[in-house]
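> model the following, please.
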Amino acid sequence: MFNLERLERGLLIFLLGTLLVGAGIIAYKKSFPTGYLRIEPSVPSPETFSGGNVPKKHKKININEASSGELTGLKGVGPTLAARIVEYRSTKGMFLFKEDLKKVPRIGEKLFSKIKDDISVE
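Numbering: from 1, shown residues only. Model (predicted):
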């Protein structure tokens, strides 16, 4: 077929292998929507250290799963803004960080500072 010397065949095989490995890496990276994997450390709950006598905290609202009605339970969030959050989430995708909520129109730093302790992105 091709009249290549041994060194040339070796170089060709090396280049093809490198190309395949590169394509595999690109395909792997595309399997994550943002290009990176977010790993959060595991922290024991306060009940572990205190014998369970810690008052229960209020349940945070997961902004990636909450309905419009649940979102209206947040301070300063009415039905219109709650619908806007749900619409943003359905068109742009899930929120990776709490701070991503500020990308929704009409949610600024002031409103975000009021609700940041009451939300989660689990």
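> contacts and neighbour counts: CA atoms only from here.
Will do.
> now do the contacts for residue 82.
68-69, 71-72 (C-alpha atoms under 8 Å, 6 or more residues apart in numbering).
> ignore the last one, residue 84
Counting by C-alpha under 8 Å, 6+ apart, residue 84 has contacts 104-105.
> mind redoing it with 10 Å?
Going by C-alpha atoms under 10 Å, 6 or more residues apart in numbering, residue 84 touches 68, 78, 90, 104-107.
> ok, those residues vs residue 4, which is closest?
Comparing those against residue 4 with C-alpha to C-alpha places residue 90 closest, at 55.9 Å.
> what about the host helix or strand of that closest one, average pLDDT?
In this assignment (DSSP states H and E), residue 90 forms part of helix 79-92. Helix 79-92 carries an average pLDDT of 94.
> next secondary structure after that helix?
helix 109-115.
> now do that next one: everything it contacts.
60-61, 74-77, 98-102, 116, 119.
> tell me the buried residues in it?
112, 115 (16 or more other C-alpha atoms under 10 Å).
> alpha carbons of that helix, in PDB - could you do that?
The C-alpha atoms that make up helix 109-115 are tabulated as PDB, following Å, rounded to 0.1, in the frame of the first residue of the first chain:
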ATOM      1  CA  GLU A 109     -27.300  42.200  45.100                       C
ATOM      2  CA  LYS A 110     -29.800  43.600  47.600                       C
ATOM      3  CA  LEU A 111     -32.500  40.900  47.100                       C
ATOM      4  CA  PHE A 112     -29.900  38.200  46.800                       C
ATOM      5  CA  SER A 113     -28.400  39.200  50.200                       C
ATOM      6  CA  LYS A 114     -31.900  38.800  51.800                       C
ATOM      7  CA  ILE A 115     -32.500  35.300  50.500                       C
END
